[in-house]
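*Asks:* got a structure for you, letters missing:
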């Protein structure tokens, strides 16, 4: 009865999260349908099951870290112990932090690519005969590489402000460091009258080479990280194999002193191994996955 109560609490928490996501989606769809003629009146007549399923799917995609709760609740039910559920609750913020770090890395890479595209577009406009200010404004609007500093940079371009300083401010974001090189090229072109297009071409080539080198290094390290992931999953596969063979590994791990000690020691070694592998990957110049 205790295990079933814990599993029910787990499923209830997941259901509340899915309901919140589904309600948000339903309100957005209702607002969109209300703008279309003839759609607002009959919208609520059907599709409730599909909307609920879409809400659950949206919840799983939008907040995947919460899937730790039903997974741990199932293990708690099978093992008749609340310990897996507590571990799942502790895993939620850790998984969320890991997912946010991965999302931030993707955003940095995307921003670095937009900076390269900005230099390429501005150089092309300069070679086509446009003025530097117009070329930079066109490239900035096309690539959106300046982010929240775009208005400041464009204002400096349009009203004769310090464009180089505005670009250096925009380069403070992670992934936009290449804008510091663009600021230096702009400063040299303003002070000495040197050609800005040639400097942008060299800057674009350097940034593109750096990006390709980083991608190549990450591809080389992906094999090692895949091996680490497989080795990290082996204990879980071993528990599943033991359950299939009838050895009752969950009962041993969760209800005996020796099994509990093995579980704590094994979990600690697993965590240290993953941390050490991620440290090696970062030390080699790659990002931990």
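*Replies:* Nice, I can see it. As the structure is a computational prediction, the values presented were derived from the model and not from experiment.
*Asks:* and the pLDDT at residue 34?
*Replies:* Model confidence at residue 34, expressed as pLDDT, equals 44.
*Asks:* again but with residue 26, I slipped
*Replies:* Residue 26 is given a pLDDT of 51.
*Asks:* flag the shaky bits of the stretch 51-200 of the chain, pLDDT-wise.
*Replies:* Along the stretch 51-200 of the chain, the parts satisfying pLDDT under 70 run over 51-62, 193-194.
*Asks:* can you map out the strands along it?
*Replies:* Here the stretch 51-200 of the chain has no strands by DSSP state E, counting those that start in this stretch.
*Asks:* residues near residue 192, how many?
*Replies:* Neighbour count for residue 192, taken as other CB atoms under 10 Å: 7. For the C-beta atoms, the positions are set from N, CA and C on the backbone; glycine is no exception.
*Asks:* how close does it sit to residue 156?
*Replies:* Separation of residue 192 from residue 156 (CB to CB, to the nearest Å): 20 Å.
*Asks:* how about residue 128?
*Replies:* 22 Å.
*Asks:* how near is residue 89 to residue 180?
*Replies:* 44 Å.
*Asks:* residue 277 now?
*Replies:* Taking CB to CB, one finds residue 277 at 33 Å from residue 180.
*Asks:* now residue 208
*Replies:* Taken as CB to CB, the span from residue 208 to residue 180 is 16 Å.
*Asks:* same thing with residue 99?
*Replies:* From residue 99 to residue 180 the distance is 30 Å (CB to CB).
*Asks:* looking at those two now, which is surrounded by more residues?
*Replies:* Shown here are residue 99 and residue 180; by other CB under 10 Å, residue 180 has more neighbours (17 against 13).
*Asks:* OK, contacts around the more buried one?
*Replies:* 167-168, 171 (CB atoms under 8 Å, 6 or more residues apart in numbering).
*Asks:* just residue 118 next, same as before
*Replies:* Contacts of residue 118 (CB under 8 Å, 6+ apart): 139-140, 143, 145-146, 179, 182.
*Asks:* so which of the residues you listed is the most crowded?
*Replies:* residue 182 (31 neighbours).
*Asks:* so that residue touches residue 202, yeah?
*Replies:* No. With contact taken as CB atoms under 8 Å, residue 182 and residue 202 are classed as non-touching, separated by 11.3 Å.
*Asks:* next, the buried residues of stretch 263-272.
*Replies:* residue 263 (16 or more other CB atoms under 10 Å).
*Asks:* need the contact list for residue 150.
*Replies:* Residue 150 sits in contact with 140-141, 144, 170, where contact means CB under 8 Å, 6+ apart.
*Asks:* recalculate using a threshold of 10 Å.
*Replies:* 137, 140-141, 143-144, 166, 170 (CB atoms under 10 Å, 6 or more residues apart in numbering).
*Asks:* so where do the helices sit in the stretch 1-150 of the chain?
*Replies:* Applying DSSP state H, counting those that start in this stretch to the stretch 1-150 of the chain gives helices spanning 2-34, 48-62, 68-79, 83-127, 132-143, 150-158.
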